Structures are given as structure tokens and as C-alpha cells.
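*Asks:* Sequence plus the predicted model coming up.
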Amino acid sequence: MTALAAVVLALHAGVFLVLGVNLVAFARGRSRALPAPPEPEGGAAAPSPAGVAVSVLVPARNEEDNLRRLLPTLLAQTGVAFEAVVVDDASEDGTWAVLQAHADPRLVPVRGSGPPAGWVGKPHALYQAARRATGRVLVFLDADAELRDERALARLVGRWARHGGAGTALSGLPRYLDRGPAALLTSLVPFAILAALPTPLVPRTKSPGLSAVNGQVWVLGADDYRRLRPHEAVRDEVLEDVMIGRYLKRSGVRLWVEDLSGELAVRMYRSFGEAWAGFRKNAYLLAGGRPAPFAAFFALYTLVWVVPSALALGGAAGLAPPWAAAPLVTLVAVKLGVDRWGRFPLWVSALAPVTLALGAALQLDSAWAHARGRVAWKGRAVGGAEEG
């Protein structure tokens, strides 16, 4: 048990290094971010920081509540000429009525009939949106997002332009607004990036494995989009954003991952049960999506994030020296560092061992659901599953 604790501590040291590098890179990225351009006289829309028009593309499947939050923040944007193309992906709620209630010429509602054979819903909805877009910069947003102030869109496009514009893509982490029990699971999203992916290496290496596009927010030039057709390339992928990141990297596009919490906030889930169902559809796929890679990922995850609690219990029971509890301390410290960046409540950090154990249970549940072909989300089968 002593040797096991030493191995876990060594792994945690590597995690601390990655986290530190990412937090420093995020801080530097925010300090270098271009401010939004001055607002033109008379309140008219100015050209974007890249000197081109912007199309904001939003997929919406049963999103009436989220659109009521997003659309006012989107249509309030200033300092950039834009249109918002929102595709109602065959919703079964009042999504279309919410879109029709906004009589703003910048809003382009598209009523879809659902994905055809061979397509997953979200890639097809965004493919439809891109076909309607007229801007030369495409900003992809999830419907559960909201822009944090009236200059956020201009700053977001300005960040993309600062990295060179054409031939580059920008993505990153927003602020997560989930509270209550759902925050336990939502806090794993920034944790997975900040504690595991050295983001400064993403634009500096050619390896598709070191790529990241967060489907909640990303930016790409329209010429690059039409040349590469990323949504057509991943038409049948549930993890379309992960696959798009790898596809863009293989295609020579430089990816940048930054702290976008000043521009965008996301409210992912309203309850713990909804969060569990949402993450269930992705967890197995994120862990490899096949039995052998999943087993390897799950074993490593358990060693790094679940075993420390067992070691601490062993130390408390006198089955191991007291310092065997040290990995539990470093585990909480890592989670606290990520949660402080994300401004999650302190009780979320205090329950770090519980959250990370839930992450392991979620992976197993996701693997079992995929094996049984019983994964569904928003009334649709996921990944070829037969809806139950």
C-alpha cells in the first residue's frame, strides 16, 4: 500500500504540472486578449475585429427555456456586425415559438425536420445552419450558453483574429453556472481539460491526440469551414466536437484553447438526474468507446482519482502509514485549483472524492448503457442505440 501511495503521488505531481501550466496560460491569454472595438456613433453595428461579418450558429433541440436566456444576450451584442442562425432541430417543445417571438432581422430561424439517415442531430443542425450563413467568420454556440456582456461577441471574434484568423480555430472553456447537485458532475468538465490536457501544446503540435474543440463555443473562418466541411466529416459522431478537433488538426488548422469565461457562460443541466443522463451518453465514448481502450482508461482514472480515498481509509484503520492519506490531500488540492478557476462553490471542492468516484461510476454506467444499446438523449437514440 505504501508503494501504491507513492505511485499515485507521482501521478498527481504530473497533474499539478499540467494544471499549473494551463492556469498560467489562461491568465496570459486573458491579459493579451484584444478589447472590443469602440462602439460606433449612433449605435450602428461596426465591422468585427477581423474586418468581416460574423454568423453565430446555434443548434436547438427542445431548447425553449435555454433560448429565452440566450437570445436576449445574443441580440444585445454591439460592436460587431452579425447574424444569428438558429436551427430548430425538430423540437417537441416551444422552441419554434420562442424563435418566432423575436422579430429581429439579425435572427435567422431555420425549422429543421431532424437528421437524415447517417447523421447525428447536432452535426446535421449545424451543417444546415452553416449552409444558411452569410458571414465570413462562424461562431458556433450551444443553446444553453449566454453571452456575458454586450461586447462579448466582438471580443470573442477578436481573440480568433489575434491568432491569425484564416487557418486557425478558437475554442475554450466558458463559465459554468450549474449549481446544486448538478454542479458535482458539471465541475468534471473543466477538470477534464485543465487537469489532463496541456493546452499550450494544442496549437504547437501536429498530433491529433492533442487537440480540443469544445462544442459549446468555437470559432472558425467560413472559408476554412467550406473547404473542410467538418460537420459532414463527422456526420455520424456523437462526440462531434472532439472529432472535429482531431479532424481540423489533421487538416492543418491550428487550434487554440483559451479561457473564455469572460465572454460566455453555460448552464448545462437543471438537476443531478438530467446531468447524469447527459454525461451518460458521452462518458464511454470519451474513455475510448471500445472495450480495450475503455478498460485502460478506467483503470488509470481509478488509480489516480478513486484509489486515494481507499488509501486514506486504510491509513485511518491502521492498515497503512499515516502518510498514505497524502494522495487524498493532493486530489482535493487539484480539484480545488480547478474549481477556483471555475468559481464553483466551495462545497463542490470539499466533496471532490465523492465527485471523482461518481465519475468512475458514470463511466461504468455509460459503458453498460452503450453495450445494451439503450442510450438516448432528448427523445432520440444515441450512437446507434435503440431507444427504450
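*Replies:* Alright, I've got the coordinates. Source: prediction; values computed, not measured.
*Asks:* Now for Val238: which residues touch it?
*Replies:* By C-beta atoms under 8 Å, 6 or more residues apart in numbering, the contact set of Val238 is 120, 281-282, 285, 382-383. Glycine gets a C-beta too; all of them are placed from N, C-alpha and C.
*Asks:* Show the pLDDT at Ala350.
*Replies:* According to the prediction, Ala350 has pLDDT 96.
*Asks:* who's in contact with it?
*Replies:* Val332.
*Asks:* quick revisit: which of the contacts of Val238 sits closest to Ala371?
*Replies:* Among the contacts of Val238, Gly383 lies closest to Ala371 (C-beta to C-beta), at 11.1 Å.
*Asks:* what's the burial count for Val139?
*Replies:* For Val139, the number of neighbouring residues by other C-beta atoms under 10 Å comes to 25.
*Asks:* Look up phi and psi at it.
*Replies:* Note on Val139: its backbone torsions stand at phi -110, psi 120 [degrees, to the nearest 10].
*Asks:* can you tell me how far it sits from Ala287?
*Replies:* In this structure, Val139 and Ala287 are 30 Å apart, going by C-beta to C-beta, to the nearest Å.
*Asks:* cool, and Val238?
*Replies:* 13 Å.
*Asks:* Kindly report the same for Asp241.
*Replies:* Asp241 sits 16 Å away from Ala287, going by C-beta to C-beta.
*Asks:* With Leu147 instead?
*Replies:* Noted for Leu147: a distance of 32 Å to Ala287, by C-beta to C-beta.
*Asks:* Comparing these two, which residue is more hemmed in?
*Replies:* Just comparing Leu147 and Ala287: by other C-beta under 10 Å the higher neighbour count belongs to Leu147, 24 against 21.
*Asks:* how about Leu220, secondary structure?
*Replies:* Here Leu220 is recorded as strand under DSSP: H, G, I helix; E, B strand; the rest coil.
*Asks:* Tell me what it is bridged to.
*Replies:* Beta bridges link Leu220 to Leu138, Ala169, judged by DSSP bridges.
*Asks:* show me what contacts it?
*Replies:* 137-138, 140, 169-170, 230, 248, 253.
*Asks:* what do you get for Val56?
*Replies:* By C-beta under 8 Å, 6+ apart, the residues touching Val56 are 74, 82-85, 139, 141, 153.
*Asks:* Could you say which helix or strand holds it?
*Replies:* strand 54-60 (DSSP states H and E).
*Asks:* That strand - what's its average pLDDT?
*Replies:* Predicted confidence along strand 54-60 averages 97 (mean pLDDT).
*Asks:* do the same with stretch 64-84
*Replies:* Mean predicted lDDT for stretch 64-84 stands at 95.
*Asks:* report the longest helix in this protein, please.
*Replies:* Secondary structure of the chain per DSSP state H: the longest helix is helix 2-32.
*Asks:* List the buried residues in that helix.
*Replies:* Within helix 2-32, the residues that count as buried by 16 or more other C-beta atoms under 10 Å are 4-5, 8-9, 11-12, 15, 18-19, 22-23, 25-26, 29.
*Asks:* The stretch 1-150 of the chain: helices as residue ranges?
*Replies:* Assigned by DSSP state H, counting those that start in this stretch, the helices in the stretch 1-150 of the chain fall at 2-32, 64-75, 95-100, 121-132.
*Asks:* Which of those helices has the lowest mean pLDDT?
*Replies:* Looking at the helices of the stretch 1-150 of the chain, the weakest mean confidence is helix 2-32, a mean of 92.
*Asks:* In terms of secondary structure, what does it contact?
*Replies:* Secondary structure elements in contact with helix 2-32, counted by 3 or more C-beta pairs under 8 Å, 6 or more residues apart in numbering; DSSP states H and E, are helix 188-194, strand 254-259, helix 291-305, helix 307-316, helix 326-342.
*Asks:* Give the pairing partners of the helix or strand just after the shortest one; include direction for each.
*Replies:* By that I understand strand 254-259. Sequence-wise, the next helix or strand downstream of strand 254-259 (DSSP H and E) is strand 264-266. In the sheet, strand 264-266 lines up against strand 145-147 (antiparallel), strand 175-176 (parallel) (DSSP bridges).
*Asks:* could you dump the contacts of Val238 to CSV with pLDDT?
*Replies:* Output for the contacts of Val238, formatted as CSV (pLDDT from 0 to 100):
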residue, pLDDT
Val120, 92
Lys281, 91
Asn282, 91
Leu285, 93
Val382, 74
Gly383, 62
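*Asks:* a markdown table please, covering the residues you listed and showing neighbour count and secondary structure.
*Replies:* A markdown table is the format used below for the contacts of Val238 (neighbours: other C-beta atoms under 10 Å; DSSP: H, G, I helix; E, B strand; the rest coil):
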| residue | neighbour count | secondary structure |
| --- | --- | --- |
| Val120 | 20 | coil |
| Lys281 | 20 | helix |
| Asn282 | 19 | helix |
| Leu285 | 21 | helix |
| Val382 | 21 | coil |
| Gly383 | 20 | coil |
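*Asks:* ok, so of those residues, who is nearest Ser207?
*Replies:* Minimum distance to Ser207 across the contacts of Val238 is 19.8 Å, recorded for Leu285 (C-beta to C-beta).
*Asks:* That concludes my questions; thank you for your assistance.
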